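A.B. asks: only geometry, no sequence info:
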């Protein structure tokens, strides 16, 4: 039998456990929000075990293949099999997937960006003609107001009007001399040549393609090891060798990806700068410094799962923390937090060699959350007590004939 003293200690332990876990979630959420640019990307990148491919697939261009313009080699007609016509050419088909460097996807995105610039800054010929006609009308109006200000001897108003007219004249002069489509194509061509020069430089292309081949061989080696009861990864030296090869492959690709990302960023900045110089401050107003975005494979876009994970998790943590600290809806909060931690544990399972040792603390907290959910810990020193008294089922009155429990 449980005595009253033991019940008091259980009561106190559940309150303390709820407050500790709630405070931890609250501080984690607050720190993520204060950080401003928190991302789950590094955590997903370090994922191990059977769920690792899924978590890494959430990362933008995880293996850098899109950034580095690596695509599978398309088989020529001579290599395409036909059971009737080309049966004698089976021996010429490559035994494994081959890769090559072709930036056609990148150039396709850049072409779309050029069109976005023309539309975003109203640089198409028909729009330019309309803008220049509107500027002529605006300049004539300003000339009349300047003359009126001079007659009224209002120097401050006159100076402001003269400045506005000078802006219109300067923009009109730039538009008259510019051929936006031609100029933007020149920028695009120069950046395409820069990317081609970098990608097809022998040392660069050799390193990039070799890293892809090494990755494919490594995947095959790991898979063969799994088929033989994971004999490869269970041996410490071989596991370390696999991790080293993975690190070297990623390091090589990251080095080249940084250079190529710089070319992407340069194209975006240069085209936006060109569009801005042909924009009138009056036309753009408060959006003078707006930027037309270039869709990049290595950026986290608002439409991706990772974007929503990065956005929701900090507020999820802080909400769970507040609910547990208050003891409000504690069962729902505990189960939601336990589900979240279960996903975290799945990125670094304890049975996978090389897992992060800190994951054990997530498992401890996962167990604590299950205990709090089972006991509805918010009813002990929390607001759930009052909710239960208001909306819960009435407890039966104790039978006076039964003996009281001893302390």
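C.D. replies: Thanks, I have the structure now. Given the structure is predicted, the values throughout are model-derived calculations rather than measurements.
A.B. asks: what segments of the stretch 51-200 of the chain are strands?
C.D. replies: Assignment of strands within the stretch 51-200 of the chain using DSSP state E, counting those that start in this stretch yields the ranges 70-72, 99-101.
A.B. asks: I'd like those strands laid out as a markdown table, including mean neighbour count.
C.D. replies: Every C-beta, even on glycine, is put in place using the N, C-alpha and C of the backbone. Written out in a markdown table, the entries for the strands of the stretch 51-200 of the chain read as follows (neighbours: other C-beta atoms under 10 Å):
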| stretch | mean neighbour count |
| --- | --- |
| strand 70-72 | 16 |
| strand 99-101 | 16 |
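A.B. asks: go through those strands and name the closest to residue 299.
C.D. replies: Shortest distance between residue 299 and the strands of the stretch 51-200 of the chain, using C-beta to C-beta, is found for strand 70-72: 18.6 Å.
A.B. asks: ok now that closest one, how far from the chain's centre?
C.D. replies: Its chain's average C-alpha position is 23 Å from that of strand 70-72, according to C-alpha atoms, centre = their mean, to the nearest Å.
A.B. asks: what lies in contact with that strand?
C.D. replies: For strand 70-72, contacts defined as C-beta atoms under 8 Å, 6 or more residues apart in numbering pick out 65, 97, 98, 99, 100, 101, 102, 105, 208, 209, 212.
A.B. asks: ditto for stretch 12-24
C.D. replies: Counting contacts by C-beta under 8 Å, 6+ apart, the residues outside stretch 12-24 that touch it are 320-325, 327, 330, 337, 365, 368-369, 371-372, 375, 377-378, 380-382.
A.B. asks: what average pLDDT does the helix or strand residue 334 falls within get?
C.D. replies: According to DSSP states H and E, residue 334 maps onto helix 330-347. Model confidence over helix 330-347, given as mean pLDDT, is 93.
A.B. asks: what comes up buried for it?
C.D. replies: Across helix 330-347, burial judged by 16 or more other C-beta atoms under 10 Å covers 330-331, 333-334, 336-338, 340-341, 344-347.
A.B. asks: residues touching it, excluding its own?
C.D. replies: Residues from elsewhere that reach helix 330-347, judged by C-beta under 8 Å, 6+ apart: 18, 21, 25, 43-44, 46-49, 51-52, 55, 313, 316, 319-320, 323-324, 359, 362-363, 365-366, 369-370, 372-373, 376-379, 382, 384.
A.B. asks: output the contacting helices and strands for the helix or strand residue 312 falls within.
C.D. replies: Residue 312 is part of helix 305-326 when elements are defined by DSSP H and E. Counting by 3 or more C-beta pairs under 8 Å, 6 or more residues apart in numbering; DSSP states H and E, the packing neighbours recorded for helix 305-326 are helix 4-35, helix 41-45, helix 330-347.
A.B. asks: change it to 10 Å
C.D. replies: With contacts defined as 3 or more C-beta pairs under 10 Å, 6 or more residues apart in numbering; DSSP states H and E, the packing partners of helix 305-326 are helix 4-35, helix 41-45, helix 52-57, helix 330-347, helix 359-375.
A.B. asks: good, wrapping up.
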